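# Can you look at this prediction? I've put the sequence above it.
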Amino acid sequence: MQGYNLIVVFDKSFSKMLMCKRLKEPYLGLMNFVGGKIEKGESSVDAAYRELFEEAAIERKSIDLIHLMDFSYPLDPCYVEVYAGRLKEDVTVSGDENTLFWQEDMEDNFFDMSKYAGEGNIGHILEHIKLNKKKFL
């Protein structure tokens with residue numbers, strides 16, 4: 001079963017989060033978190049840090065990621081591991097895989113499937129982070 005990851009990155013003030021606008025399928029044109037495939041033989045956490053660097057140029061030393069949750073999709077077959085963290089310092093993000101931006105409206109409807117990828121999972125992930133906010137501060 002193929003593994004994937006999603007990484008939720010908050011700025012150091014925890015007031016905005018890194019998102020991307022998808023430039024390819026799946027979810028072409030929708031907003032999502034950064035992430036990608038877990039390679040064969042690679043640990044899950046190493047894959048998360050690698051994808052974060054490849055997609056946004058954020059180095060491991062700049063953020064501590066917390067394994068937040070997993071989604072399993074036996075019919076596809078794949079699974080998604082979700083990591084989240086708050087930056088320790090200001091960083092310049094860059095990448096060419098998707099269009100990166102800082103989402104500043106933290107009260108948006110992240111369950112809106114016409115704007116956000118993942119069939120409502122972005123909203124679910126953010127609600128879970130709200131419940132555990134102290135672990136990120």
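On my side now, so go ahead.

# Would you map the helices across the chain?
44-56, 121-131 (DSSP state H).

# Relative to Leu6, which of these is closest?
Smallest distance to Leu6 across these (C-beta to C-beta): 7.4 Å, for helix 121-131. Quick note: C-beta positions are derived from backbone N, CA and C, even for glycine.

# Tell me the buried residues in the closest one?
121-126, 129 (16 or more other C-beta atoms under 10 Å).

# Where does the prediction get shaky in this structure?
Nowhere does the chain drop to pLDDT under 70.

# circling back to that earlier point, can you list the helices of the chain in TSV and add distance to Tyr27?
As requested, the helices of the chain are exported to TSV (distance: least, C-beta to C-beta, whole Å):
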stretch	distance to Tyr27
helix 44-56	14
helix 121-131	10
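
# circling back to that earlier point, for the buried residues of helix 121-131, which one is nearest Val82?
Ile125 (5.7 Å).

# Can you tell me the closest non-neighbouring residue to that closest one?
Val82 (5.7 Å; C-beta to C-beta, 6 or more residues apart in numbering).

# try Phe33
Closest to Phe33 by C-beta to C-beta, 6+ apart is Leu6, at 4.5 Å.

# close enough to count as contact, the one you found and Ile125?
Yes: Leu6 is within contact range of Ile125, at 7.4 Å (criterion: C-beta atoms under 8 Å).

# Give the residues shared as contacts by the two.
Common neighbours of Leu6 and Ile125 (criterion: C-beta atoms under 8 Å, 6 or more residues apart in numbering): 33, 82.

# re earlier: show me what the residue nearest to Ile125 is bridged to.
Val82 has these beta-bridge partners by DSSP bridges: Leu6, Met69.

# need the strands for the protein, in chain order.
2-10, 17-21, 31-32, 34-37, 66-73, 78-86, 99-103 (DSSP state E).
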